[in-house]
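*Asks:* pasting the structure only:
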């Protein structure tokens, strides 16, 4: 069965650079979520989209933005990267009001 | 907003014993409570979930119970095996627009053989 696909799997950026993370949800899932997970931490909700419209916003810095495109894939754009942005970034998708399935994650390292 | 607390933070059990992890939530309107298992560096994987109209759900060695009155739910793993060792996260979904999941802080489960 198709799963949530994230790219890239690993990314190394320097401080103040920009990064773009991509997510391809499971087909026919209408909701996409982005989570940030620091070492030893629980996943922290960043933002979600329902049918390509932003549906909820969590602890997402103003330096970050996200969007969902007509083909339902989503991108998380991160600018002016800081050392503290180093984390695992997960995308998840779900059909309405049901289980959320996570992608493999993108490990971002800011140096 | 919703706040989820999870206990214990670490749990060590002997292979074959049972393990219980408990979570409490604050928003009485939350209606969906999944449990995820996460191995080091990997994605959280859904292992079982329960909805607010059900008190208990079981899937082989794993069961989840929900007490809506007390606003807590628990994960029960019986006959633990070394491959059960991982971090387990509970989560709750508040009844609000967006349907995001709010996670507990996680429990590191170690099964000793």
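*Replies:* Great, that's in hand. Small disclaimer: the values here were computed from a predicted structure and weren't measured. Numbers count the residues shown, from 1 in each chain, chains lettered A, B, ... in the order given.

*Asks:* show me what the closest residue to chain B within chain A is bridged to.
*Replies:* Residue nearest to chain B within chain A: residue A:56 (2.5 Å; CB to the nearest CB). (Each C-beta comes from the backbone N, C-alpha and C, glycine too.) Beta-bridge pairing for residue A:56 (DSSP bridges): residue A:48.

*Asks:* need the phi and psi values for residue B:83.
*Replies:* For residue B:83, the backbone dihedrals (degrees, to the nearest 10) come out as phi -70, psi -10.

*Asks:* show me what contacts the nearest residue to it once chain neighbours are set aside?
*Replies:* Nearest residue to residue B:83, sequence neighbours excluded (CB to CB, 6 or more residues apart in numbering or on different chains): residue B:111, at 7.9 Å. Residues in contact with residue B:111, defined by CB atoms under 8 Å, 6 or more residues apart in numbering or on different chains, are B:12, B:13, B:14, B:15, B:19, B:80, B:81, B:82, B:83, B:84, B:85.

*Asks:* TSV for the residues you listed, including pLDDT?
*Replies:* Supplementary listing: the contacts of residue B:111 in TSV, determined by pLDDT from 0 to 100:
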residue	pLDDT
B:12	98
B:13	98
B:14	98
B:15	98
B:19	98
B:80	98
B:81	97
B:82	96
B:83	96
B:84	97
B:85	97
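
*Asks:* which of the residues you listed count as buried?
*Replies:* B:13, B:19, B:80, B:84, B:85 (16 or more other CB atoms under 10 Å in any protein chain shown).

*Asks:* return the closest of the residues you listed with respect to residue A:40.
*Replies:* residue B:85 (15.8 Å; CB to CB).

*Asks:* as TSV, the buried ones among the contacts of residue B:111 with secondary structure and distance to residue B:54 would be great.
*Replies:* Formatted as TSV, those follow (DSSP: H, G, I helix; E, B strand; the rest coil; distance: CB to CB, whole Å):
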residue	secondary structure	distance to residue B:54
B:13	strand	26
B:19	strand	22
B:80	coil	24
B:84	helix	24
B:85	coil	28
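
*Asks:* and chain A, which residues reach chain B?
*Replies:* Chain A comes close to chain B at residues A:31, A:33, A:41-45, A:48, A:50, A:55-56, A:58, A:88, A:90, A:94, A:96-97, A:99-105, A:107, as judged by CB under 8 Å from any CB of the partner chain.
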